[in-house]
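**Q** only geometry, no sequence info:
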């Protein structure tokens with residue numbers, strides 16, 4: 001039943017010329033929509049060494065990457081950088097390296113740094129012919145920045161990265177209230193642990209540009225008391241500003257802030273609270289509690305519709321437990337499915353429970369297995385005894 005065994009059967013049947021069976025096992029390995037299945041299938045395709053397999057490998061790496069698979073995200077970046085299975089796109093390569101690096105992938109972080117350095121070197125090395133359009137653009141940017149062009153300062157700063165030279169250009173742009181430069185410097189300060197400086201950059205960016213990134217980061221800082229006094233009201237204000245500008249993380253955090261007001265206890269940071277089916281209200285009336293929950297659901301949905309996995313899971317919980325409304329198991333199943341297919345362990349388990357209640361035991365068993373494979377203890381228990389499932 002393992003993915004690797006299914007992929008082995010795909011290769012075996014292709015080798016003996018039975019394409020029907022090969023396609024059958026290929027579909028079985030992918031229909032579960034596990035990111036690991038797409039990733040391992042892509043790796044098996046790489047071994048074939050031909051261009052057709054390369055395109056298919058890249059496609060499957062990308063599927064896994066979009067579902068949050070860390071190694072796949074780095075592989076998509078490498079493919080985009082080298083042109084393996086796709087056209088060379090170094091901008092896309094930087095995006096995927098950055099996505100993986102932000103999740104702690106040290107190799108992706110190192111490759112990102114090398115790529116950025118090589119790009120800067122190719123732009124600014126004037127010993128070569130200036131016929132290359134990128135080198136001409138780089139030269140123009142440097143000249144424009146030296147003449148006081150704020151946008152050029154910002155772009156040269158990005159080209160040079162976070163080292164001294166890059167930071168120098170970014171600070172010049174920030175001193176002239178360039179919003180994006182302020183946000184980049186805020187992120188650098190935050191990464192270096194200087195939260196007070198980060199709050200100053202983000203505050204300035206929000207003041208001059210009402211920037212969503214700045215607002216979200218200010219919400220995080222006030223929510224956690226990093227570089228500023230912990231202030232839930234200010235955090236809520238900034239989360240809402242960023243959420244209205246379309247930031248899905250801010251929408252999720254704002255929803256959690258509202259949701260926490262309906263519970264017995266709330267803490268700072270509110271967005272890290274663990275949601276459960278235990279509902280102990282502190283709202284002054286049941287109507288106020290219902291209003292808060294409905295508003296929270298509205299923002300969970302906005303975040304979930306943009307692919308926020310935890311928001312989809314929380315939305316499923318709300319519909320499954322009937323918070324502030326009638327229980328709607330169909331909607332719970334829909335949102336659990338959105339989170340479960342992206343690898344959310346608890347969503348997989350709760351989805352299995354829903355299918356069990358609907359007497360769809362085979363479908364339930366499939367999701368119990370996926371949840372159990374990620375270490376969910378109750379999923380393992382329910383696989384052996386589905387007649388008495390643990391409660392949501």
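**A** Sure, I can see it. None of these values were measured; they are calculated from a predicted model.

**Q** Helix or strand: which one has the nearest residue in space to residue 89 that is not next to it in sequence?
**A** Of all residues not flanking residue 89 in the chain, residue 80 sits nearest, at 4.8 Å (Cβ to Cβ, 6 or more residues apart in numbering). Glycine gets a C-beta too; all of them are placed from N, C-alpha and C. Element membership of residue 80 [criterion: DSSP states H and E] is helix 70-82.

**Q** Tell me the buried residues in that helix?
**A** Using 16 or more other Cβ atoms under 10 Å as the test for burial, helix 70-82 gives 70-81.

**Q** Give me the local confidence score for residue 234.
**A** Predicted confidence (pLDDT) for residue 234: 96.

**Q** so where's the stretch 201-350 of the chain uncertain?
**A** Residue ranges of the stretch 201-350 of the chain with pLDDT under 70: 264-284, 324.

**Q** where do the strands sit along it?
**A** With DSSP state E, counting those that start in this stretch, there are no strands along the stretch 201-350 of the chain.

**Q** Going by residue numbers, what spans are helices in it?
**A** Along the stretch 201-350 of the chain, the stretches classed as helices by DSSP state H, counting those that start in this stretch are 212-224, 232-244, 248-260, 286-304, 309-321, 329-340, 345-357.

**Q** for the third one, packing partners?
**A** By that I understand helix 248-260. Using 3 or more Cβ pairs under 8 Å, 6 or more residues apart in numbering; DSSP states H and E, the elements in contact with helix 248-260 are helix 212-224, helix 232-244, helix 286-304, helix 309-321.

**Q** Do I have it right that residue 367 meets residue 351?
**A** Yes. The criterion here is Cβ atoms under 8 Å, and residue 367 meets it with residue 351 at 4.9 Å.

**Q** Name the residues contacting each of the two.
**A** Residues touching both residue 367 and residue 351 by Cβ atoms under 8 Å, 6 or more residues apart in numbering: residue 340.

**Q** ok, those two, which is more surrounded?
**A** The neighbour count for residue 367 versus residue 351, taken as other Cβ atoms under 10 Å, is higher for residue 351 (31 against 24).

**Q** excluding its backbone neighbours, what's nearest the more buried one?
**A** Nearest one to residue 351, counting by Cβ to Cβ, 6+ apart, is residue 336 at 4.0 Å.

**Q** For the one you found, list the residues it contacts.
**A** 312-313, 316, 320, 347-348, 350-351, 354.

**Q** Now tabulate the helices of the stretch 201-350 of the chain in JSON lines and tack on distance to residue 192.
**A** Formatted as JSON lines, these follow (distance: least, Cβ to Cβ, whole Å):
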{"stretch": "helix 212-224", "distance to residue 192": "14"}
{"stretch": "helix 232-244", "distance to residue 192": "22"}
{"stretch": "helix 248-260", "distance to residue 192": "21"}
{"stretch": "helix 286-304", "distance to residue 192": "29"}
{"stretch": "helix 309-321", "distance to residue 192": "27"}
{"stretch": "helix 329-340", "distance to residue 192": "33"}
{"stretch": "helix 345-357", "distance to residue 192": "33"}
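
**Q** start to end distance for stretch 368-382?
**A** Distance between the boundary residues of stretch 368-382 (Cα to Cα, to the nearest Å) amounts to 7 Å.

**Q** buried residues in it?
**A** Buried residues in stretch 368-382, defined by neighbour count with 16+ other Cβ under 10 Å: 368-372, 376, 378-379, 382.

**Q** which of the residues in stretch 184-191 are buried?
**A** Within stretch 184-191, the residues that count as buried by 16+ other Cβ under 10 Å are 184-190.

**Q** Those in helices, which ones?
**A** The helices, defined by DSSP state H, take in 184-190 from the buried residues of stretch 184-191.

**Q** Of these, which pair is most distant in space?
**A** For these, the farthest-apart pair by Cβ to Cβ is 184 and 190; their separation is 10.7 Å.

**Q** Which single one of the ones in helices among the buried residues of stretch 184-191 is nearest to residue 174?
**A** Nearest to residue 174 out of those is residue 185 (Cβ to Cβ; 5.5 Å).
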